[in-house]
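In: Next one to model:
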Amino acid sequence: MQAADFDYELPEGLIAQYPLRTREASRLLALGRDGCTEHRAFPDIKDYLRAGDLLIFNDTRVIPARLFGRKESGGKVELLIIRMPDSDPPEADRLKSTQRWQAMVRSSKALKEGTRITIGDDLRAEAVRKDSDGLWEIVLTGSDVSAAIKEYGVLPLPPYIRREAEPLDSERYQTVFAVNPGAVAAPTAGLHFTPGIIDALKGAGVELACLTLHTGPATFLPIRDGDVSGHSVPKEHYVIPEATGLAVVKARREGRRVVAVGSTSTRTLEAAFAAGPDEPALSGATDIFIRPGYEFNVVDAVVTNFHLPRSTLLMMMSAFAGRENILKAYKTAVEMRYRFFSYGDCMFIH
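Out: Numbers count the residues shown, from 1 in each chain. Next up is the predicted model:
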């Protein structure tokens, strides 16, 4: 199975650079696993969900992870803090004056171990070491590091959004149910949901639950060339509340559908229940790489945005609905000028 098998042509103009005026204004392409498609508006999602379905969201919240500073030499440095190797981001507030992060670094000249960086009056960084994946271990210090990150940090937008973050992004690049800070990328399938749509689904008998997976930058990385079997996916940390885990087990035993909102929820559920419903791993880190040939254990339907060519997320959806069905649906979406990627339109695959 080659990376090129998951390529498709996408005009640059179809990559959404801004959100639509309202969250629910997006279009919805419904794809059955038999290959049948329907073209609707996102509020019509209610027509595809039914009483008894268990709809699971990722409630992660994007942090202002881009930090800009200067070395003692005066050279500019940009840090993208990704994760805390010795503590999950929700615990960060307990580490008030010192926090250790893994970060991607862009610098005027290559960093050296021990390089000190001034980010603000009360936020400094020191480069400790570079790992085999090219990430730097960075120590941030200040009187209140979490508060300083909020003050000096900038919301990270995906690389295909070719503009700087603007005030509107602080609201629209978060889901309405985002409560657990730690992601550097939004779980974008959730961006279409509004409180009104959620209330309508509850009223129709759809059961709702949440989990948390802090999305990292690897979500944007395509597999360039070659056999995909040699590709590895970086680990991402997740937590599934006990109530959500029990709801999944109950739904499966009763023959009700488990519907994942987004690829992150899909990945988390499949990783957590890989050993079956009796031994779920409700917290941990997963590097599961779902691609054609994978047999799904938990997820029966998926709400998802359109994904990048050659990406592991496109391969996951191809595993779920079939590569030919997915690529045919994407071709149709291009022809009908759907909007793609984070601020783009949506699919319901069932």
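
In: Counting by contacts, list what the longest strand along the chain packs against.
Out: The single longest strand within the chain, with elements called by DSSP state E, is strand 98-107. Helices and strands touching strand 98-107, by 3 or more Cβ pairs under 8 Å, 6 or more residues apart in numbering; DSSP states H and E, are strand 76-83, strand 136-141, helix 145-152. Every C-beta, even on glycine, is put in place using the N, C-alpha and C of the backbone.

In: could these be laid out in TSV, adding mean pLDDT, mean neighbour count and distance to Arg163?
Out: Output for the helices and strands packed on strand 98-107, formatted as TSV (pLDDT from 0 to 100; neighbours: other Cβ atoms under 10 Å; distance: least, Cβ to Cβ, whole Å):
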stretch	mean pLDDT	mean neighbour count	distance to Arg163
strand 76-83	95	21	16
strand 136-141	95	20	26
helix 145-152	94	18	20
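
In: ok so, going back, and the longest strand of the chain, which strands flank it?
Out: Within its sheet, strand 98-107 is paired with strand 76-83 (antiparallel), strand 136-141 (antiparallel), according to DSSP bridges.

In: Out of those, the one nearest Leu191 is which?
Out: Distance to Leu191, taken as Cβ to Cβ, is lowest for strand 76-83 among the strands paired with strand 98-107, at 20.9 Å.

In: what's the offset of the closest one from the middle of its chain?
Out: 19 Å (Cα atoms, centre = their mean, to the nearest Å).

In: ok, and what's touching that strand?
Out: Identification of contacts with strand 76-83 by Cβ atoms under 8 Å, 6 or more residues apart in numbering yields 63, 65-71, 89, 101-108, 111, 117, 119, 125, 135-136, 138, 140, 149, 156, 182, 184, 214, 216-217, 237.

In: domain assignment for the chain?
Out: For the chain, the domain assignment from automatic domain parsing gives the residue ranges 3-61+168-349, 65-152.

In: Pick the most deeply packed of those.
Out: Highest mean neighbour count of those: domain 3-61+168-349, a mean of 19 (counted as mean count of other Cβ atoms under 10 Å).

In: Quick one: mean pLDDT for that one?
Out: The predicted model assigns domain 3-61+168-349 a mean pLDDT of 95.

In: Show the end-to-end separation of it, please.
Out: Counting by Cα to Cα, to the nearest Å, you get 22 Å between the two ends of domain 3-61+168-349.
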